[in-house]
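K.L.:
predicted coordinates and the sequence they were generated for:
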Amino acid sequence: MKKIVTSVLMGGSALVLALTCSGSAAAVTNDYRARLPQDEVIYFLLPDRFENGDPSNDRGGLKGDRLTTGFDPTSKGFYNGGDLKGLTNRLDYIQGLGATAVWVAPVFKNKAVQGTPGHESAGYHGYWITDFTTVDPHFGTNADFKALVDAVHARGMKFYMDIVVNHTADVIYFEECVGKDRCPYRSIADYPYQRRGGVGGKPINAGFAGEQDESEANFAKLTDPSYAYTVRVRPAERDVKRPAWLNNPIYYHNRGDSTFRDESSTMGDFVGLDDVFTENPVVVAGMIDIFCGWIDTFGVDGFRIDTAQHVNPEFWQKFVPAMLTCAKRKGIPNFHIFGEVAMDDADIAHTAENTRVDKLPSVLDFAFLWTVREVVAKDGATDELAKLFRADALYEGGAPAALQLPTFVSNHDSPGHIAWAIRRDRPNASDYEVLKRDMLANAMLLTLRGVPTIYYGDEQGFVGRGGDQDSRQDMFPSKVASYNDEKLIGTTATTAQSNFDPQHPLYREISKLAHIRTSHRALTRGLQLVRYAQDKPGLFAISRFDPDNGREMLLLFNTSTAEVKQNVRVDTRSLRFEALAGACPATASAPGTVAVDLPPLGYAVCDAR
Ligand SMILES: [Ca+2]
Ligand SMILES: [Ca+2]
Ligand SMILES: [Ca+2]
């Protein structure tokens with residue numbers, strides 16, 4: 001990392017030129033097609049929970065009670081009524097926050113309701129797809145989707161789709177598991193492809209060499225899906241999936257529920273969801289066809305890929321280049337692809353592997369989430385941040401590639417919003433301290449490397465209770481009692497009222513920082529150099545460098561509740577600083593050093609002159 005930074009700084013003539021110009025560094029272009037993935041600030045939302053623009057589609061065109069329509073605005077596990085028209089109407093709010101791209105949870109048609117009797121819930125989140133070619137009627141129509149994407153583009157913003165390849169809705173079931181809560185994973189060793197129901201079973205699928213031979217000739221020999229379990233589909237659901245090839249059970253692994261380890265991680269069902277046989281060349285071609293279609297028809301700007309780690313790497317090695325080719329053909333040179341590789345700790349080797357082996361261009365930065373929560377909510381040492389960025393070398397492409405990792409401090413699967421983590425870990429903190437810590441986390445998100453990805457509701461002080469459904473509150477007036485009981489941060493409002501408030505202190509602070517970011521290339525494209533970290537809470541200082549002129553942007557964070565005074569090394573050419581946020585040292589104390597003075601939980605963005 002140091003070596004790269006040095007060579008950037010040696011870009012002499014550009015540096016001199018920039019220093020003689022007054023005014024701020026070049027703003028990121030408004031031509032959205034020309035922008036790089038790292039130029040964006042992403043806003044992520046679930047359409048069902050954002051804004052209801054059309055009450056007539058709340059039941060998705062279905063008739064009956066909530067177990068048929070999936071609609072129950074009083075339940076966190078059912079459709080609450082939000083849709084694409086509502087989202088289109090709220091683009092002002094999103095753009096006002098400083099976001100330049102929206103990532104919208106899957107819009108494809110879902111199985112409305114799933115689950116064993118008494119444990120049903122709805123596909124309001126979008127991850128239980130039956131029809132990969134059509135927008136879910138609860139959210140609107142394909143025409144509504146086109147209107148949304150066009151409206152986003154008309155504002156110079158980008159649209160990222162959330163896609164799923166790993167599984168479809170739960171349609172296939174296994175005779176041996178009827179009436180049981182779990183359907184245990186049956187391994188290839190115990191249930192080989194060439195025997196029905198176990199090693200001693202009747203010979204089937206003669207000559208099938210296994211999934212590792214991905215040739216069409218080999219897969220032509222796989223004709224009977226009942227090697228591990230007796231595969232069944234209810235008559236009413238035999239034709240429910242689109243495209244039609246997805247209705248054939250031979251295109252699924254059919255080995256029972258994943259234990260999320262060993263072989264089952266890629267071949268097991270994600271809690272009953274039908275796990276697609278992604279090694280089969282028919283499936284590879286079929287999935288490429290589906291998602292090229294969405295790029296081609298709507299001109300979307302990127303994909304977030306759900307459950308990416310549960311698909312075999314060979315699939316991504318073929319799928320990713322195909323998507324990039326489709327995008328280029330459509331005139332989208334900087335199509336972004338980032339996979340979800342969920343983790344519950346900061347295990348960077350685990351996420352980085354998916355960029356090296358699977359060749360995913362980028363992955364959601366779960367390590368960033370856990371590290372920021374560690375230093376902002378708990379008493380983690382600021383060394384943890386230094387450690388996080390030191391490991392950027394592990395990603396394919398190293399530190400420059402890490403600039404494209406979507407970073408986040410909350411999401412729809414993480415336990416609670418960031419505010420929940422702070423409240424849980426600091427039960428005695430005042431509301432003011434919780435708000436300050438929340439702002440500190442957002443300041444890190446919006447200035448450090450990666451692509452800041454704001455989870456909807458964070459900017460309105462939404463909290464949650466720790467479970468995933470609890471973190472998917474309605475932005476429109478909610479009827480869910482457990483949401484409305486929540487004490488929000490930075491406001492006296494509750495989720496019972498509309499929460500599109502541009503005056504909320506978090507909205508204002510995020511908006512300010514987002515605009516600072518997107519108007520300074522050091523913050524979107526600049527590599528980082530850690531200046532100061534320590535083995536306890538306190539100062540974290542890091543510089544980022546404008547790739548065009550080498551100019552330094554010094555970022556300062558105080559994670560402790562005490563004032564921090566510390567001499568911090570800077571570039572010898574950084575003699576004066578303009579404070580873009582917080583209090584910055586106005587001048588260097590001597591060439592190469594500044595006297596930093598930060599209030600408790602304070603932060604500063606200092607642009608060197
Ligand atoms: Ca609606
Ligand atoms: Ca199933
Ligand atoms: Ca899988």
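P.N.:
Received the coordinates, thanks. What you see is a predicted model; the values in this text were computed from it and never measured. Ligands and ions are numbered 1, 2, ... in the order given.
K.L.:
lowest-confidence helix or strand of the chain?
P.N.:
Ranking every helix and strand in the chain by mean pLDDT, DSSP states H and E puts helix 2-9 at the bottom, with a mean of 31.
K.L.:
give me the number of residues near Pro427?
P.N.:
Under the neighbour criterion other CB atoms under 10 Å, Pro427 is assigned a count of 6. Yep, even glycine has a C-beta here, placed from its N, CA and C like the rest.
K.L.:
what helix or strand does the residue of the stretch 101-250 of the chain found nearest ligand 1 sit in?
P.N.:
Among all residues of the stretch 101-250 of the chain, His138 sits closest to ligand 1, at 6.9 Å; criterion: CB to the ion. Applying DSSP states H and E as the criterion places His138 outside every helix and strand.
K.L.:
which ones are touching the residue nearest the centre of the chain?
P.N.:
Residue closest to the mean C-alpha point of the chain, counted by CA atoms, centre = their mean, is Leu364 at 5.3 Å. Leu364 makes contact with 304, 338-342, 351, 405-406, 408, 411, 453, according to CB atoms under 8 Å, 6 or more residues apart in numbering.
K.L.:
just to revisit the earlier point, surely the residue of the stretch 101-250 of the chain closest to ligand 1 meets Gly60?
P.N.:
Yes - with the criterion set as CB atoms under 8 Å, His138 and Gly60 qualify as a contacting pair; they are 3.9 Å apart.
K.L.:
out of the two, which sits in the busier spot?
P.N.:
Neighbours of His138 and Gly60, each counted by other CB under 10 Å, are more numerous for His138; the result is 30 against 21.
K.L.:
ok, which residues in this structure are in contact with ligand 1?
P.N.:
By CB under 5 Å from the ion, the residues of the chain that approach ligand 1 are 52, 54, 57-58, 81, 83.
K.L.:
8 Å - rerun?
P.N.:
For the chain, the residues in contact with ligand 1 under the definition CB under 8 Å from the ion are 52-58, 81-83, 85-86, 138-140.
K.L.:
any of those residues buried? List them.
P.N.:
Applying 16 or more other CB atoms under 10 Å to the residues of the chain next to ligand 1, the neighbour count classes 52-54, 57-58, 81-83, 85-86, 138-140 as buried.
K.L.:
out of those residues, which sit inside strands?
P.N.:
Counted as lying in strands by DSSP state E, out of those, is not a single one.
K.L.:
so which of these sit within helices?
P.N.:
Of these, the ones assigned to helices by DSSP state H are 85-86.
K.L.:
quick one: the residue of the stretch 101-250 of the chain closest to ligand 1 from ligand 2, how far?
P.N.:
According to CB to the ion, to the nearest Å, His138 and ligand 2 sit 22 Å apart.
K.L.:
and if you look at Leu555?
P.N.:
Leu555 sits 48 Å away from ligand 2 when distances are taken as CB to the ion.
K.L.:
can you check Glu578 too?
P.N.:
58 Å.
K.L.:
the helix or strand harbouring that residue packs against which elements?
P.N.:
Mapping Glu578 onto the secondary structure by DSSP H and E places it in strand 577-581. Contacting strand 577-581 under the criterion 3 or more CB pairs under 8 Å, 6 or more residues apart in numbering; DSSP states H and E are the following elements: helix 505-518, strand 603-608.
K.L.:
pick the most buried one from those.
P.N.:
strand 603-608 (a mean of 25; mean count of other CB atoms under 10 Å).
K.L.:
Ser410 should be in a helix, yeah?
P.N.:
No - counting by DSSP: H, G, I helix; E, B strand; the rest coil, one finds Ser410 to be coil, located in no helix.
K.L.:
please enumerate the shared neighbours of His138 and Gly60.
P.N.:
Both His138 and Gly60 are contacted by 70-71, 79, 112, under the criterion CB under 8 Å, 6+ apart.
K.L.:
show me where the stretch 151-300 of the chain has its strands.
P.N.:
158-163, 172-174, 231-233 (DSSP state E, counting those that start in this stretch).
K.L.:
quick one: the last one to chain centroid distance?
P.N.:
If I follow you right, that is strand 231-233. The offset between the C-alpha centroid of strand 231-233 and the centroid of the whole chain comes to 33 Å, using CA atoms, centre = their mean, to the nearest Å.
K.L.:
contact partners of it?
P.N.:
For strand 231-233, the external contacting residues (CB under 8 Å, 6+ apart) are 171-175, 225, 247, 249, 252, 254.
K.L.:
do the longest one as well
P.N.:
For strand 158-163, contacts defined as CB under 8 Å, 6+ apart pick out 32, 35, 40, 42, 100-107, 126, 148-149, 152-153, 291, 294, 298, 300-306, 336.
K.L.:
need the strands of the stretch 151-300 of the chain in TSV with mean pLDDT, mean neighbour count and distance to Arg569, can you?
P.N.:
As requested, the strands of the stretch 151-300 of the chain are arranged in TSV below (pLDDT from 0 to 100; neighbours: other CB atoms under 10 Å; distance: least, CB to CB, whole Å):
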stretch	mean pLDDT	mean neighbour count	distance to Arg569
strand 158-163	98	24	37
strand 172-174	98	20	60
strand 231-233	98	17	64
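K.L.:
I'd like those as TSV, with distance to Ala346 appended.
P.N.:
Written out in TSV, the entries for those read as follows (distance: least, CB to CB, whole Å):
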stretch	distance to Ala346
strand 158-163	24
strand 172-174	36
strand 231-233	40
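K.L.:
go through those and name the closest to Glu120.
P.N.:
Taking CB to CB as the criterion, Glu120 comes closest to strand 172-174 out of the strands of the stretch 151-300 of the chain, the separation being 15.2 Å.
K.L.:
name the helices or strands packed onto the closest one?
P.N.:
strand 231-233.
K.L.:
what strands flank the strand it packs on, and is each parallel or antiparallel?
P.N.:
The partner list of strand 231-233 in its sheet, established with DSSP bridges, is strand 172-174 (antiparallel).
K.L.:
now check the strand it pairs with, is it near ligand 2?
P.N.:
Yes - if you take CB under 8 Å from the ion as the test, strand 172-174 does meet ligand 2, through 172-174.
K.L.:
who touches that strand?
P.N.:
183, 229-234, 249, 252, 254, 256, 272, 274.
K.L.:
which one (most neighbours) among those?
P.N.:
Busiest of the contacts of strand 172-174 [other CB under 10 Å] is Asp274, holding 26 neighbours.
K.L.:
and Cys326, that's in a strand?
P.N.:
No - when classified by three-state DSSP, Cys326 is found to be helix rather than part of a strand.
K.L.:
so who does it touch?
P.N.:
By CB under 8 Å, 6+ apart, the contact set of Cys326 is 291-292, 295-296.
K.L.:
swap in 6 Å and give it another go.
P.N.:
When the contact criterion is CB atoms under 6 Å, 6 or more residues apart in numbering, the partners of Cys326 are 292, 295.
K.L.:
tell me the pLDDT at it?
P.N.:
Reported pLDDT at Cys326 in the predicted model: 98.
K.L.:
assumed Asp535 was part of a helix.
P.N.:
No - according to three-state DSSP, Asp535 belongs to no helix; its state is coil.
K.L.:
how close does it get to ligand 2?
P.N.:
49 Å.
K.L.:
enumerate the residues of this protein near ligand 3.
P.N.:
The chain has residues 166-167, 253, 258, 265-268, 270, 275-276, 278, 307, 310-312 near ligand 3, with proximity defined as CB under 8 Å from the ion.
K.L.:
can you say which of these are buried?
P.N.:
Here, 16+ other CB under 10 Å leaves 166-167, 253, 258, 266-268, 270, 275-276, 278, 307, 310-312 buried among those.
K.L.:
that older thread, what's the closest of the residues of the chain next to ligand 1 to Gln503?
P.N.:
If you rank the residues of the chain next to ligand 1 by distance to Gln503 using CB to CB, Gly86 comes first, at 21.2 Å.
K.L.:
that closest one: what's it in contact with?
P.N.:
Residues in contact with Gly86 (CB under 6 Å, 6+ apart) are 51-53.
K.L.:
okay if I get these as JSON lines plus pLDDT and distance to ligand 2?
P.N.:
Converted to JSON lines, the contacts of Gly86 look like this (pLDDT from 0 to 100; distance: CB to the ion, whole Å):
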{"residue": "Glu51", "pLDDT": "98", "distance to ligand 2": "33"}
{"residue": "Asn52", "pLDDT": "98", "distance to ligand 2": "31"}
{"residue": "Gly53", "pLDDT": "98", "distance to ligand 2": "33"}
